[in-house]
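Trainee: With the input below, show me the fold.
(chains A and B)
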Amino acid sequence: MEFQGFARPDGRVGVRNRVLVVATSDCAEPTARMIAQGIDGVVSVTQHQGCIAIETATTLIGAAKNPNICATLLVSMGCEGIEPAPMMSEVSQAGKPVELVQIQKLGSTRQTIARGREIVQKMAAEARKQKRKAFDVSQLAVGLKCGGSDTTSGIAANPAIGVMADMLVDAGASVVMIEPIEAVGAEEFMASRAASESVKKQILKWISDEEKRWTVPGASIDFMCRGNIDGGLTTVEEKALGAIHKGGHSPIQGVLKNRKGYLEMVPQGGGFYLQEGTHEEIPAITYMAAAGVNIIVFATGRGGVFGHAICPVVRVTGNPETWARMKEDMDVNASTIMEGKESIESVGQRILDEVVAVASGKLTISEQLGLDNFAVWKYDPRIEALLGLL
Amino acid sequence: MKKAIIMDAKDNVATVISAVAAGEEVTVLSTKQEVVQRIRAKEALPLGHKIALTDIKRGNEIKKYGAVIGKASKDITAGEYVHIHNVESNRMPLTEHMLGYR
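Mentor: I've put the predicted structure just below:
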């Protein structure tokens, strides 16, 4: 199985060839946006967590190192707590061009926009010269996410995506899943997939840490709700298994670290990995993008509709009603399972075919619409310390 | 024809993919759409809910996705509706809050 991708100096392969403009804090966000505006193939991102937290810098660095990005321009105001120089040195380890403009140094926002646009036009022109080449599908890293889940999610979309995930891992590709909260209740199943004893310990800690975060007296959440029960879910075990089934059955090679200023990229060489992080839609996808994931497959019963600045998002719905109503906004129809017309296995193959087509350049619906969501999240170090999770 | 999907060969419940009336025959399909079993629903079932494929004694495991999703809180017979009225979680009991408030 092959796809047409972009070779990167660090050996990774991209499925897109975007120029990235990064405002290192949201102070410089409008400036970064105005630098990128209207220039084909250029996208701007930022983080809204303030300018001091090093954790946010690792996500931005990861986004720039993602193989879908061919070059990066950092935009800083100048007095941020996060220094741009170490960021630049980290990003250049991936062998790709990275430059910096600083508003306070250049003297004005207008001058920064002008200088920034000059740099980015050159980067975009270079990008246009690059051509796709044939690569084996084992060079792909695919991330999995679900959102707007409903009754059909655990019966149709998630199991079908799980079939796709198994096919990808069998073909030597990497698959990443991040959503520790949804694994609460499926500990035994997840642990049984561990490739080793040490990975088993990491998986169980990944889940139990998240359970601790959400069961703080006075601020705890319900892991099941009336909507779940009315939709057919009887226990939290069933709910969790339905959700994590999008990850399939292949051995889990490890849990990618994402803490205290260290964000681990998904190793090349294939395999299934979990990642530390959150279940919140856009931040979770942003974390997977920062770990080097090329494409996101997103299961949605009710019709979640977003894209991502770094990774194409393939939207899959298993709900026949959602498909009928929102056809224009869904990439893959998995609702044939609920209609009894197609097997889970067959839909899994169709999702894989779509992923390979998207990898080779087919635009997802969110890309056709220019949706470029991006959000950086971080752990609160005070909560981590109070709960003894550090 | 009413259909249900059995997620794994080890499961003792299947999930119906359309609403089923009491007395209707349900064809249980695998994830490859092979017919695994045919069973008569003893009760009405909403879309997405579960039917017992075999008798399950009180205290025994309910299996779905090849894993344990809870245990029977009452004796269950094949063809019965399986849900919160006859299953309890081994992991987290349902609270009043989870059950009652809309």
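Trainee: Past the top strand by length along chain A, which element shows up next along the chain?
Mentor: In chain A, assigned by DSSP state E, the strand with the most residues is strand A:69-76. Sequence order places helix A:84-92 as the next helix or strand after strand A:69-76, per DSSP states H and E.
Trainee: What's the mean pLDDT across that following helix?
Mentor: What helix A:84-92 shows for mean pLDDT is 94.
Trainee: Also compute the angle for that helix relative to strand A:69-76, please.
Mentor: 180 degrees (axes from the mean of the first three to the mean of the last three C-alpha atoms, to 10 degrees).
Trainee: For the helix or strand following helix A:84-92, give me every contacting residue.
Mentor: Where DSSP H and E defines the elements, the next helix or strand beyond helix A:84-92 is strand A:98-102. Here strand A:98-102 makes contact (C-beta atoms under 8 Å, 6 or more residues apart in numbering or on different chains) with A:35, A:64, A:71-78, A:84, A:88, A:91-92, A:112, A:115-116, A:119. For glycine as for every other residue, the C-beta is placed from the backbone atoms N, C-alpha and C.
Trainee: One more: stretch A:75-84?
Mentor: Contacts for stretch A:75-84 (C-beta under 8 Å, 6+ apart): A:21-25, A:27-28, A:31-32, A:35, A:50-54, A:56-57, A:74, A:100-105, A:112, A:116.
Trainee: of those residues, buried ones?
Mentor: A:21-25, A:27-28, A:31-32, A:35, A:51, A:53, A:56-57, A:74, A:100-103, A:112, A:116 (16 or more other C-beta atoms under 10 Å in any protein chain shown).
Trainee: Mind pulling up the pLDDT for the residue of chain A positioned farthest from its centre?
Mentor: The C-alpha centroid of chain A is most remote from residue A:107, which lies 35.9 Å away (C-alpha atoms, centre = their mean). On pLDDT, residue A:107 comes in at 96.
Trainee: which other helices and strands contact the lengthiest helix in chain A?
Mentor: Of all segments of type helix in chain A, defined using DSSP state H, the longest is helix A:109-129. If you count contacts as 3 or more C-beta pairs under 8 Å, 6 or more residues apart in numbering or on different chains; DSSP states H and E, helix A:109-129 packs onto strand A:18-23, helix A:29-36, strand A:42-45, strand A:69-76, strand A:98-102, helix A:103-106.
Trainee: what's in contact with it?
Mentor: A:17-19, A:21, A:31-32, A:34-36, A:39-42, A:70-71, A:73, A:75, A:97, A:99, A:101-103, A:106.
Trainee: please redo it, this time with the cut-off set to 6 Å
Mentor: Under the contact criterion C-beta atoms under 6 Å, 6 or more residues apart in numbering or on different chains, helix A:109-129 has outside partners A:17, A:19, A:31, A:34-35, A:39, A:41-42, A:70-71, A:73, A:99, A:101, A:103, A:106.
Trainee: same question, stretch A:207-227
Mentor: A:180-181, A:183-184, A:187, A:236, A:387, A:389, B:92, B:98, B:102.
Trainee: Among the residues you listed, list the two that are farthest apart in space.
Mentor: Within the contacts of stretch A:207-227, two members stand farthest from each other by C-beta to C-beta: A:389 and B:102, at 34.2 Å.
Trainee: These two: who's more crowded?
Mentor: The neighbour comparison of residue A:389 against residue B:102 (other C-beta atoms under 10 Å in any protein chain shown) goes to residue A:389, with 16 against 6.
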